[in-house]
Every structure is written in C-alpha cells, then in structure tokens.
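> how would this look folded up:
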Amino acid sequence: MARSIMFGIFRLELEERRLLREGEELPLSPKVFDTLALLVEKPGHLVTKDEFMNRLWPNTFVGEDALAQNISLLRRVLSAGGNGQANAQEFIATVPKRGYRFVAPVKLESSGGTVSATVLPEAVGLPEGHVSSNLDGFALLQTALPSAPGSSSASNKPQFRVSVLMVVCAGVFVGLLAGAAMFVALSPPRMPAVMSVTQITHSGRIDPGGKMISDGSRLYFQEREGDHWNVVQTSLTGGETQPVQVPFKNAVLLDLSPDHANFLMTFRTDGEMPLWAWPVQGGVPSRMGDLTAFDAVWHPNGRQVVFAKADGVYLADRDGAHVRQFASTRGSPWGLAWSPDGTVLRFAVFPSGTFSSSMWEIRSDGSNLRELFRDWNTPPHECCGSWSQDGTYFFFSSVRPEAGRRSNALWSIQEKTSWWRKSSAQPFRLTTGPTEFGGPLISAPDSRRLYVFGVDYRAELVSFDPKSRQATILLPGSRAEQADYSRDGEWLVYATTLDNVVWRAKSDGSLRTPVTAPPILATHPVWSPDAKRIAFVNHSPDCENKLYIVSADAGTPRELFPNECEQYDPAWSPDGKYLGFVRSEKLVSGTLSPSAIELLDLATNQRSTLADSQGLRSPSWSPDGQFVAAITEDLHKLLLFDVRSQKWAELAQGTSIGGFLCWSRDGAYLYFQDLLAPNEAVYRIRIRDRKLEVVASFESLIKSGVQRCAFMELAPDGSLVVTLLRNHADIYALSLQLP
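Numbering: from 1, shown residues only. Alright, predicted model coming up:
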C-alpha cells in the first residue's frame, strides 16, 4: 500500500523516496531522505541521536557532525517553501544534547484513502488520554481541542484562540532566545582554573621523563637512584613513596589494562623496549610475542595493545599476533593516550632532525589522522596529554619561549561546547612560574584533580677532585652546563642552561662575554687549537643539529652547511686544519640514516668521510694527531682509529658510554664515562697497553641527591669538569575548577 505523508506544502512519498513541494520534486540524498523519514514517522516525539545513528549508519562509526549536516540540509530545503509559506523551524526542533523533534502537523495518505492526523507543537506533552495509538507504524497525536458535533464555528473558535496564544508565546520565546544569545555573545569564555596546588611526593627524585599511571587509588611512577631506576607508588593523597617489587631491573610501567588486572610493562634498553603483561597481583610476566616499542598502551577493548615505533603507531593482539600499522608518522610517536570513550587516540610525534614535537590524533577505526594545534606554537613543542573523564577538556604540556628561555607549562583546550556557554577554540594556559609542569594525568572519576610532574631544573658545573672527592663550583651564578678549556688552559667556553647561549671567560671566571645570542640555541661549544674560533651546534626549528663556527671575539656565526641538517659532535684536529663532526641524513620515512664521521678541510671547504666510520659518533683527536677515538651509536663500545694504518680497534665496552671523550694533555690516556655503570664511574685507558682503570665515581654526590654527574672535560690541573644535574622533581596535584 503506497503511503505519503503531507505537512505544510510538502508531500513525502515513502515508497517512491521522493519529497515534493507543491508537486515539484526536490532532490535529497539517500541519507538526508532517511533522516526526514525517521522524523516524520514519529511526529511530536523526540528522536534521539542514538536512534539516528543506529538507523542511518548501522555498524559504521561516524561523528555527530554527519547528523548535524543532514539536519542543516533538511532545514535549508524546507525553508525554501515558496512565497515564504514555510519555515524550517516550523518543522524540526532541536532538543539540546539529545536529538530532534518533528513538530509540524502531518497527514498520512494511503492508496486506500486519506487518514488525517494532526500534530500540533502545543499538543506535545499532553495527558496520556490525548495520545492515539500508532497508525501503520506512525505515532500520531489527536487534536485535543473541544468541538461541537456538526458545528463549523464551534470548532474554529478554539483553534483561533490557540493560534493567538501560540503567536504570543512564540514572541516571548524568541525574545528569550535573543536575550540568551546576546548574553552568550557578550560574555567572555569561561576557562578552567587551578584553585590550589598540593605536593604529593617529597623525594625530589621523581623521573619526569617517565610515565605516571593510576589504578584509582594509587599513583605509579619512577624514581632515579644512582645508576638505576625504581618503580614506586604512593597514595593519591600523598605520603611516603613505596617501592614496587618488579621482575626486571630498570622496569617501566607503561599502562594499566581496562579491567585493572594487568600492567603493560617493559624495562629500559637502548632503543625499542620489549613489551610484557604483568599481573597487578604479582607473579610471572608474560611476553607479548616479540613486540618492541618506544611506548605502548592497552587498547580500550583490553584484548589488544597499541605501541609506538620509529615510523608510526602499531596495533597487535596481546599475545603479539596480527601486527599491523595503525598510523604512519614522520617521526617517533610517544605519549599515547585514548579518549575516555575510546574513539580517539592522541600522541606526540618527535621528527628526527628537528627540535620540536607536535600533537596528533587518529580515530579508533584508523581514519582521520591529523595534526592538532597547527600554527599555534612555532616551532611546535607539545606533548603528553590527558582528557577529563567526560571528554570535555584535554590537558597537555607545551614548551614556549619566555623571557629569553624555554618554559614548559600546562595548557587545556575545550573539546565539547554547549550553545548556552561561550567557549574558546584556542588552548588556555593553566600554570606559570619557575616550576615547570608536564606529564598530566587526570583523576577519575570526577576530573577535579590533575596530577603532574613538577620540575625545578638545576645544573651546576663543578671541578671534581678524584682523590678528595670534593666538588667545587666553577663560574658561580653562570648557569654553565657544558664547557671546554682552550689548549693553553687560559680560556673557558661554555653553554648556559635553558637559554643555550655560548659564553667565553678566563679560566678563573673573569671577563665573561657572550659569544652567541638568541634565536640561536647553542650547545657543545669547542675551542679551536689556536683559541681564535669556537665551533658549536645550533638547534633551530627546522634542523635540530647544525654546525656553526664563530669568532672568539663574537660576531656573526657562520653556518657551515646551509642546505643540510644533522651535523653534531664537532672536534678540531690538533693542527686546526680540519673540523671533524658526525653527520646523519634524514630518510624519506622521516627516520635518520646511520651516522658517519666526516672531516671538513677548512682551507678548501672540501669534506671526506673517515674510513669505516659508519655507525660511530663523538670523534676525539689525540693531541699528536695519530689517533681518533669514537663511540658506537648504541653507546656500548669505545673504538680507536689509527690514522697511519686506517684501522679501527676496540678499546672498551660499557652500558651507556657518555658522549664526551677527553685526552690527557700528553696523549697517554683517554678518559670516558659509563653513565649506567655503578655510581656513574669515569674511566681512563692507557693507549700504550690498553690498561683500563677507574678514575672516579660519584657515590657521595649521588647519595646527596644529585641525579646525574656528567663528565665533560679535564681541567688544566687534572681535575674532572663535571655537570651535576640537580633536577628537583616531584608529583603535584592541581585542584581544578572546570566550567
């Protein structure tokens, strides 16, 4: 039986799938037609968004914007009702946050005749006795107006009174809407605010580069202790930290499964780390196949794991089977975080060869990979986010230039909006001050507390006497971090923390003079043999490592390779004719090729590659020019190159050999450090017979709270120049007021 529905000047023919306006067919796409059909099937009744989604897009994930677009198209078609006889608002009403309602009178017509059933907007919500039964699948409302049988005038008067009342009510309603719209337009947007800050831990040893996870009552994180890391826990309200008995040394907890039954864990290695599932109650961990990653989280379904590799984000079953790439990235992803409803995954991407990181997101079905906050922060440096439990706000950290230095602070952005509340499309800053906050983790289930790492960055350059084990601060008040003495011992060049400016000074600390200035961000400064020039590495927005040379008397630094990136670890030859350095090349995939040591002839500007130096870094010439020392890229081996024989030989092995190699003044010894050896020991090896001995360990400094003691240089008096990293890091709870 053919069916048609009439409303206003429109006729909707269901079997023919046509919409007619005074006999003229109007073009509608299939989904828009189905949207209208669903509305008129239930005139006067709320059709929820879920009903639309299940009817129009079954077994398909789409956003609510698709439904909103269909409604908008319908209103546009219905508002063009010829001679102003129809207005879209007479047909479709919006029920905020819930769905839509068809509110115009309708008539149902079938091939057997016309059945008239009127639906009036004012009839919605009448007592139950006024609602008729469904007719042929349509929920039809009877008119509730009294009328005398057979009397035309008796039936028209109540309708006239109701029409006048409708006009008056509509006018009041429009006025209220206009006033509300004006109030929203003129009111400033309401932003989240930090009401108070509570320190949760007090050890000062928290590793802010690690991850923080919670089971709803406790926080799990890492503390640095000398040459290793411990997994520790504390209550959400704070107190003493307690060690967690983990099955591996240097274990890292990455995530907690949705059912809170298993940790996703790994342990620190150079490069990608193996993934394991470990029961929360303890016991033997189970290996996830042969999966390795830089970061990983459970999938919201609890049956799979999502993990990050150098070229993108991957998805696999929890036993390591069915591995597939989930998102391809030009750089290394990190800080994977799911939205509360499990529909969106966000993460930071760290491109190789750039001093930046950007936030990205992808839908759970693998669609709509896109960059967030594009052109908001130049260069971008965002990371590590967390949603409020209702998905309304997203919190993240961002590094921005501030007062001549880079400052890391917390920001928020509103993800969902309401028509009655004005919102801002731009991120809003939550924290400021000398303490830098990062790694946000929202509390559950109320989202009223944001747990963060708070870091007070401190670095000191000291002279360390191996015999007395006493450390004396060099250049007090300078914020010096990396240093190099001139060959004659008269001058010292150093880079400062935070602002990365290169300075030169007399070895006694006098005559301090800046050699570079922002926007250059300089590190690793080294003197030429004649102390007239300084080579250094600049970190620019487009190129993380780029070699420059500048006069010791300052001036304009000279860029050595304008059209290339990724040069680092500068080293002068003893005669000053060559500058050795390490070079990599960015591949099409966004990753870097293996490094190699190159030599630049400063007279001819020609360069060559040191024989068989692929995969090596940190070159260092012996004072007589007969040898070049270097470290393998995995930091496990120290090698020596004989210039005469053009051969490499292994000198030593280690766990994490530091990047600064230093020769004694007479060339008899080569000094180096293993940062993961007990107490971060410094060694020296006698070149003549390859004898290895420990020169110094920093046990006393580490016990006093120093997190890292990085060997830099030999002072003219034979003492060790060391950078002490005194980062004081703890966990804080920020009490939030969310509009």
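
> quick one: the helices in the stretch 1-150 of the chain?
Ranges of helices in the stretch 1-150 of the chain, per DSSP state H, counting those that start in this stretch, are 30-41, 49-56, 64-79.

> rebuild those helices as TSV, extending it with mean neighbour count and mean pLDDT.
All C-beta spots, glycine's among them, are computed from the backbone N, C-alpha and C. As requested, the helices of the stretch 1-150 of the chain are arranged in TSV below (neighbours: other CB atoms under 10 Å; pLDDT from 0 to 100):
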stretch	mean neighbour count	mean pLDDT
helix 30-41	19	89
helix 49-56	15	85
helix 64-79	16	80
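
> mind putting those into a markdown table with distance to E16?
Listed next are those as a markdown table, based on distance: least, CB to CB, whole Å:
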| stretch | distance to E16 |
| --- | --- |
| helix 30-41 | 11 |
| helix 49-56 | 19 |
| helix 64-79 | 17 |
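
> L692: which of the ones you listed is closest?
helix 64-79 (65.5 Å; CB to CB).

> tabulate the CA atom coordinates of that closest one in CSV.
This file holds the C-alpha atoms of helix 64-79, laid out as CSV (Å, rounded to 0.1, in the frame of the first residue of the first chain):
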residue,chain,number,x,y,z
GLU,A,64,27.6,13.6,15.2
ASP,A,65,28.6,16.2,12.7
ALA,A,66,27.3,14.0,9.9
LEU,A,67,23.8,14.0,11.6
ALA,A,68,24.0,17.8,12.2
GLN,A,69,24.9,18.3,8.5
ASN,A,70,21.8,16.2,7.4
ILE,A,71,19.5,18.3,9.7
SER,A,72,21.1,21.5,8.3
LEU,A,73,20.4,20.4,4.7
LEU,A,74,16.8,19.5,5.6
ARG,A,75,16.2,22.9,7.1
ARG,A,76,17.7,24.6,4.1
VAL,A,77,15.3,22.7,1.8
LEU,A,78,12.2,23.2,3.9
SER,A,79,12.9,26.9,4.5
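
> distance from that helix to the middle of the chain?
35 Å (CA atoms, centre = their mean, to the nearest Å).

> which helices and strands does it pack with?
Where contact means 3 or more CB pairs under 8 Å, 6 or more residues apart in numbering; DSSP states H and E, helix 64-79 is packed against helix 30-41, helix 49-56, strand 92-95.

> same thing but at 10 Å, please
With contacts taken as 3 or more CB pairs under 10 Å, 6 or more residues apart in numbering; DSSP states H and E, helix 64-79 sits against strand 18-21, helix 30-41, helix 49-56, strand 92-95, strand 99-102.

> quick one: end-to-end distance for stretch 383-394.
Start-to-end span of stretch 383-394 (CA to CA, to the nearest Å) is 12 Å.

> buried residues in it?
Of the residues in stretch 383-394, C383, C384, G385, S386, W387, S388, T392, Y393, F394 count as buried by neighbour count, 16 or more other CB atoms under 10 Å.

> and the furthest pair within those residues?
C383 and T392 (21.1 Å).

> returning to that earlier point: so which of the helices and strands packed on helix 64-79 comes closest to E460?
Going by CB to CB, the one of these nearest E460 is helix 49-56, 58.9 Å.

> packing partners of the closest one?
Against helix 49-56 (3+ CB pairs under 10 Å, 6+ apart) you get helix 30-41, helix 64-79, strand 99-102.

> which among these is found nearest to Q199?
helix 64-79 (40.9 Å).

> quick one: M273 from G335, how far?
15 Å (CB to CB, to the nearest Å).

> how far off centre is stretch 42-56?
With CA atoms, centre = their mean, you get 37 Å for stretch 42-56.

> now render the helices and strands packed on helix 64-79 as CSV, adding distance to N377.
Below are the helices and strands packed on helix 64-79 laid out as CSV (distance: least, CB to CB, whole Å):
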stretch, distance to N377
strand 18-21, 48
helix 30-41, 38
helix 49-56, 35
strand 92-95, 36
strand 99-102, 38
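
> so where's the stretch 101-250 of the chain uncertain?
110-190, 226-227 (pLDDT under 70).

> pull the number of nearby residues for R688.
As a burial measure, R688 scores 8 neighbours (other CB atoms under 10 Å).

> pull the contacting residues for the spatially closest residue to A495 that is not a sequence neighbour.
Spatial nearest neighbour of A495, chain neighbours left out: Q482 (4.6 Å); criterion: CB to CB, 6 or more residues apart in numbering. With contact taken as CB atoms under 10 Å, 6 or more residues apart in numbering, Q482 is in contact with 459, 461, 493-497, 500, 502, 522-526, 536, 660, 710, 712-713, 721, 723.

> separation between Q482 and K31?
Distance of Q482 to K31, computed by CB to CB: 62 Å.

> R665: what secondary structure?
coil (DSSP: H, G, I helix; E, B strand; the rest coil).

> that one is in contact with D624, isn't it?
No: the criterion here is CB atoms under 10 Å, and R665 misses it with D624 at 11.2 Å.

> secondary structure class for A327?
strand.

> R686 against E693, yeah?
Yes: look at R686 against E693 with CB under 10 Å: they come within range, at 7.9 Å.

> looking at these two, which one has more neighbours?
R686 (13 against 9).

> report the contact partners of that one.
S664, A668, Y669, L670, L692, E693.

> same list (the residues you listed) but as JSON lines, adding distance to P208, secondary structure and pLDDT.
Output for the contacts of R686, formatted as JSON lines (distance: CB to CB, whole Å; DSSP: H, G, I helix; E, B strand; the rest coil; pLDDT from 0 to 100):
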{"residue": "S664", "distance to P208": "37", "secondary structure": "coil", "pLDDT": "94"}
{"residue": "A668", "distance to P208": "41", "secondary structure": "coil", "pLDDT": "96"}
{"residue": "Y669", "distance to P208": "36", "secondary structure": "strand", "pLDDT": "96"}
{"residue": "L670", "distance to P208": "34", "secondary structure": "strand", "pLDDT": "97"}
{"residue": "L692", "distance to P208": "34", "secondary structure": "strand", "pLDDT": "95"}
{"residue": "E693", "distance to P208": "35", "secondary structure": "strand", "pLDDT": "95"}
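
> can I have the buried ones of the residues you listed as a PyMOL selection?
Applied in PyMOL, the following selects the buried portion of the contacts of R686 according to 16+ other CB under 10 Å:
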select buried, resi 664+669+670
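
> L616: which of the contacts of R686 is nearest?
L670 (14.9 Å).

> which residues does the closest one form a beta bridge with?
Taking DSSP bridges as the rule, L670 bridges to W663, I685.

> correct me if wrong: it contacts W663.
Yes: using CB under 10 Å, L670 makes contact with W663 at a distance of 5.7 Å.

> what touches both of the two?
S620, S622, F627, A629, R684, I687.

> before we move on, which element is the fourth one in?
Applying DSSP states H and E as the criterion places A629 in strand 627-632.

> ok, back up a step: which neighbours do R686 and E693 have in common?
With CB under 10 Å, 6+ apart as the test, R686 and E693 both reach Y669.

> re earlier: ok, so of the contacts of R686, who is nearest D717?
Closest to D717, out of all of the contacts of R686 and judged by CB to CB, is S664, at 12.5 Å.

> the closest residue to that closest one other than its chain neighbours: neighbour count?
In space, and not counting its chain neighbours, S664 is closest to L714: 6.8 Å by CB to CB, 6+ apart. By other CB under 10 Å, the residues close to L714 number 19.

> and what of K637?
Around K637 there are 17 residues (other CB under 10 Å).
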